[in-house]
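here is my input, please return the structure:
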Amino acid sequence: MNTNTQSYVEYVKPESIFRNEELGKVYNLPENYQAIKENIKEMGIITPLIVNSKNMVIVSGNLRHTICIELGIPLIPVYFVDIQDDLQLVSLSSNLHREKTTMEKYNEMKLYKTLFGIRKGHRTDLNPELQKLKEERDIILSSMSKDTRNKLNSIATTYEGLYGNSSKELDKVFSNIDKGVITLNKAYTKANHLKVKSNCNQELFGGDYVTATSTIYNKSSEVLSELEDGTINVACSSPPYWDMKMYQLDSNQLGQESTVDEYINNLKKHYLEVYRVLKHDGSVWVNINDCCKEGEYQLVPQRFVLMMKSIGFILNDEFQWLKQNPRPTGGKRSIRRHEPIFHFVKSKDFYYNEEWLKDCEDINNSFSIGTTQVCPKLTSSLDFFGGVLKTGVSSTRELKKKCEDRGVILDHQATFPLDVPMICLKLTSKPYDKILDNFNGTAMTGQAVMELGQGREYIGYEPSPEYMLASEIRLSEYELGQVA
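Sure, this is the predicted structure:
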């Protein structure tokens, strides 16, 4: 880079120089921001900021400048340089040895594309200026291999195409790479899978799914306008967990809120409607899980219970679903194997039936205990490995294969086993009851309703066209009498 040799250091007011906004878009605040701030508060600025004397814009030192303004430091050391080349290019080169996040590396690459108009096939050897730019770019990019750059660009292009620029999902993927939760290669493979899935799923099932025994509305359950007050006997669902999974919808996805409080408030809108449509003697079953973020559990299930009580629901029971393949939980803590399943009622005079337990084959006391065979009772810990009710637990792999046969790639891992809704419905539903799943997903609750039969009617709500098609594939076999 060419700079005037007449460079000098002065102490100036922080307000007299200007933040480099373009670099601000590239580099985020580091995780140790507060520690840096405390160090500057105690020791002052040791390394001068670099500022372009032409326009007083910072070349290097955005972070230190921000901290000095926050701390109210009156004067800061500045090394003024008269930059003759592109300011952003000099700024990027000044950050060459900075430890960068994956997102910062990608943001650098985007800025390079703006600064360097050099594309594949350009004859830089015939143009000294282009040759110089190429050499400077290659020096700056030398910290990353070409393979890494290509994969980062491919991942970002896919996620930005699916979810929009500056998508929260892309932030999460890059952050997980930094944390070691996922490797760059696995993130690249997943992005390719999403790209193929998006291309294959252009023409999906459209509209509601309506049969003699099932109705699934292709919409959110925030407003259950199709249902009248007090018409549902049982609601059984598993809402999208907070900060866990991004579903391929346009925007404002439930579970992707910035705070737990916002997530719970959004859930409340859905369950106010469930309370309205539930019969006086009805039951509501909800499977919801917690997550560990920034070193602590967020108490999502507990906050959810308090929210439900504020609506008017009574917490009657709680099961613990013991998972055989739990997701690893990082940090100095155990792997969380359990998920709660809450049973809420509208009144203490609710329908409840344990008689079916007497006819169940439970020789090893897998899910019930009783003083005699005549009076068994469910235990609160349910381990569904292999299917405790021997009902032929549905396979997600099977459903994915059937979707692929219809030209659709299904990406859905978050379904509970068939035994969850089966136990809930055996306990609290009767023949000819109306069963609601306001977070339908791929209609696992609907399958339980179909297998129980006896005039039961299923109603679901699902905004995703992809999951609507998967639900149709799952339930149509029962409608056609292909499943006993």
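
rest of the way, CA atoms for contacts and neighbours
Noted.

Phe304: which element?
Assessed by DSSP states H and E, Phe304 sits inside helix 300-311.

mind saving the C-alpha coords of that helix as PDB?
Presented in PDB, the C-alpha positions along helix 300-311 are these (Å, rounded to 0.1, in the frame of the first residue of the first chain):
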ATOM      1  CA  VAL A 300     -38.000 -23.000  28.900                       C
ATOM      2  CA  PRO A 301     -40.300 -25.800  30.200                       C
ATOM      3  CA  GLN A 302     -40.700 -24.100  33.600                       C
ATOM      4  CA  ARG A 303     -41.500 -20.700  31.900                       C
ATOM      5  CA  PHE A 304     -43.900 -22.500  29.600                       C
ATOM      6  CA  VAL A 305     -45.800 -24.100  32.600                       C
ATOM      7  CA  LEU A 306     -46.100 -20.700  34.300                       C
ATOM      8  CA  MET A 307     -47.500 -19.200  31.000                       C
ATOM      9  CA  MET A 308     -50.100 -22.000  30.700                       C
ATOM     10  CA  LYS A 309     -51.200 -21.400  34.300                       C
ATOM     11  CA  SER A 310     -51.600 -17.700  33.500                       C
ATOM     12  CA  ILE A 311     -54.000 -18.700  30.800                       C
END
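
which residues are contacting that helix?
Contacts to helix 300-311, defined as C-alpha atoms under 8 Å, 6 or more residues apart in numbering, come from residues 242, 260, 264, 268, 271-272, 275, 288-291, 314-315, 340.

which among those gets closest to Gln454?
Set against Gln454, the nearest of those by C-alpha to C-alpha is Tyr275 (25.2 Å).

what number of residues lie near the closest one?
Using other C-alpha atoms under 10 Å, Tyr275 has 23 neighbouring residues.

which residues of the stretch 301-450 of the chain fall in strands?
For the stretch 301-450 of the chain, strands defined by DSSP state E, counting those that start in this stretch occupy the ranges 314-322, 338-345, 368-370, 376-378, 381-383, 434-437.

one more: the stretch 151-300 of the chain?
Under DSSP E, counting those that start in this stretch, the stretch 151-300 of the chain gives strands at 209-210, 214-217, 232-237, 278-287, 292-293, 296-297.

most tightly packed of the ones you listed?
Greatest average neighbour count among these goes to strand 232-237 (a mean of 26), per mean count of other C-alpha atoms under 10 Å.

now the angle from that one to strand 338-345?
Put simply, strand 232-237 runs at 160 degrees to strand 338-345, going by axes from the mean of the first three to the mean of the last three C-alpha atoms, to 10 degrees.

closest to Gly61 out of the strands of the stretch 151-300 of the chain?
Smallest distance to Gly61 across those (C-alpha to C-alpha): 30.4 Å, for strand 292-293.

quick one on the thing from earlier: distance between the helix holding Phe304 and the chain's centre?
Chain-centre distance of helix 300-311: 21 Å, with C-alpha atoms, centre = their mean, to the nearest Å.

mean confidence score for it?
Mean pLDDT, helix 300-311: 98.

buried ones in that helix?
Using 16 or more other C-alpha atoms under 10 Å as the test for burial, helix 300-311 gives Val300, Pro301, Phe304, Val305, Met307, Met308.

for stretch 322-338, same thing?
By neighbour count on 16+ other C-alpha under 10 Å, the buried set for stretch 322-338 is Leu322, Lys323, Arg336, His338.

lowest-confidence member of these, which is it?
Within these, pLDDT is lowest for Lys323, at 82.

quick one, what contacts that one?
The contact partners of Lys323, taken as C-alpha under 8 Å, 6+ apart, are Arg337, His338, Glu339, Asp383, Phe384, Phe385.

show me which pair in those is furthest apart.
Checking these with C-alpha to C-alpha, the most distant pair is Glu339 and Phe385, at 14.4 Å.

neighbour-wise, which of the two wins?
The neighbour count for Glu339 versus Phe385, taken as other C-alpha under 10 Å, is higher for Glu339 (19 against 14).

Leu322 is in contact with that one, correct?
Yes - look at Glu339 against Leu322 with C-alpha atoms under 8 Å: they come within range, at 6.8 Å.

and Gly312, how close does it get to Ile264?
15 Å (C-alpha to C-alpha, to the nearest Å).

quick one: which of the two has more around it?
Ile264 (22 against 14).

which among the strands of the stretch 151-300 of the chain is found nearest to Thr157?
Closest to Thr157 of the strands of the stretch 151-300 of the chain, according to C-alpha to C-alpha: strand 292-293, at 27.1 Å.

where does the stretch 151-300 of the chain have low pLDDT?
164-167, 193-206, 244-252 (pLDDT under 70).

do a quick rundown of the helices in it.
Using DSSP state H, counting those that start in this stretch, the helices of the stretch 151-300 of the chain run over 168-179, 184-200, 260-277, 300-311.
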